[in-house]
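1. based on what follows, work out the 3D shape:
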Amino acid sequence: MNMFSLFVYMIAVFVNGVVCKDPNVVKADDFLFRGLNIVGDTSNAVGSNVTAVTVARLPGLNTLGISLARIDFAPWGINPPHTHPRASEVLTVIEGCLLVGFVTSNPENRLITKILVKGDVFVFPQGLIHFQKNIGKECALALAGLSSQNPGVITIANAMFGSNPDIDPKILAKAFRVDVNVVEEIQSKF
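-> Alright, predicted model coming up:
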């Protein structure tokens, strides 16, 4: 190996926060994820489970600008309001019936919502708060494509009421126009 090659090899190239793998050590398993057929455990407070296939679980996605997620819903389960700071999302309903929506940015804050059934596709623009709710009596399944290998996710309730350390309850009380005791009660659940 000549000095230039050694120098290039020693400098890590980051793309969207992930080091590019040396092409000389890439293997087929870097491009394979197994398990998207496995139903996620929805026995939790929100009644949903997201199986994210991002660059963290599938290294071959790095630099490709795409990722995927499987979202399983219990009856009446929700994928709570959240945002992807680095990606738009296209969601396809595989089974069931979902109420989906997103909120436009300030100052309008308009709710855009639709009921989707098997085979329907809906787009959530990058960075906007969005959600899904199973409105059926049976389990539901959706697949989501995202426009980043590392889309990120910020679940609004977790960020507001479950931060570490807690956001000062007085700040949240004023922002949400409620009593401090209400905020403290909500924070105690996270």
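
2. in the protein, which spans are helices?
-> Counting by DSSP state H, the chain has helices at residues 3-10, 156-161, 169-176, 180-187.

3. per-residue confidence for residue 96?
-> At residue 96, the pLDDT value in this model is 98.

4. for it, which non-adjacent residue is closest in space?
-> residue 140 (2.6 Å; Cβ to Cβ, 6 or more residues apart in numbering). Glycine gets a C-beta too; all of them are placed from N, C-alpha and C.

5. then residue 170?
-> Residue 170 sits nearest to residue 180 (Cβ to Cβ, 6+ apart), 5.9 Å away.

6. quick one: contacts for that neighbour?
-> Taking Cβ atoms under 8 Å, 6 or more residues apart in numbering as the criterion, residue 180 is in contact with 169-170, 173.

7. and residue 33, by the same measure?
-> 53, 57-58.

8. what subset of those residues is buried?
-> 53, 58 (16 or more other Cβ atoms under 10 Å).

9. identify those among the contacts of residue 33 that sit within strands.
-> The strands, defined by DSSP state E, take in residue 53 from those.

10. tell me the one of the contacts of residue 33 nearest residue 115?
-> residue 53 (26.6 Å; Cβ to Cβ).

11. re the thing from before, now the helices of the chain as JSON lines including mean pLDDT?
-> Shown next, in JSON lines, are the helices of the chain (pLDDT from 0 to 100):
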{"stretch": "helix 3-10", "mean pLDDT": "52"}
{"stretch": "helix 156-161", "mean pLDDT": "96"}
{"stretch": "helix 169-176", "mean pLDDT": "96"}
{"stretch": "helix 180-187", "mean pLDDT": "95"}
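
12. okay if I get those helices as a markdown table plus distance to residue 103?
-> Output for the helices of the chain, formatted as a markdown table (distance: least, Cβ to Cβ, whole Å):
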| stretch | distance to residue 103 |
| --- | --- |
| helix 3-10 | 45 |
| helix 156-161 | 10 |
| helix 169-176 | 15 |
| helix 180-187 | 20 |
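
13. between these, which one is closest to residue 125.
-> Comparing the helices of the chain under Cβ to Cβ, the one sitting nearest is helix 156-161, at 16.0 Å.

14. list the buried ones in the closest one?
-> Those would be 160-161, for helix 156-161 by 16+ other Cβ under 10 Å.

15. spatially central, which residue of the protein would that be?
-> In the chain, the residue lying closest to the centroid (Cα atoms, centre = their mean) is residue 153, at 4.2 Å.

16. just confirm that residue contacts residue 84, I think it does.
-> Yes. If you go by Cβ atoms under 8 Å, residue 153 and residue 84 touch, sitting 5.9 Å apart.
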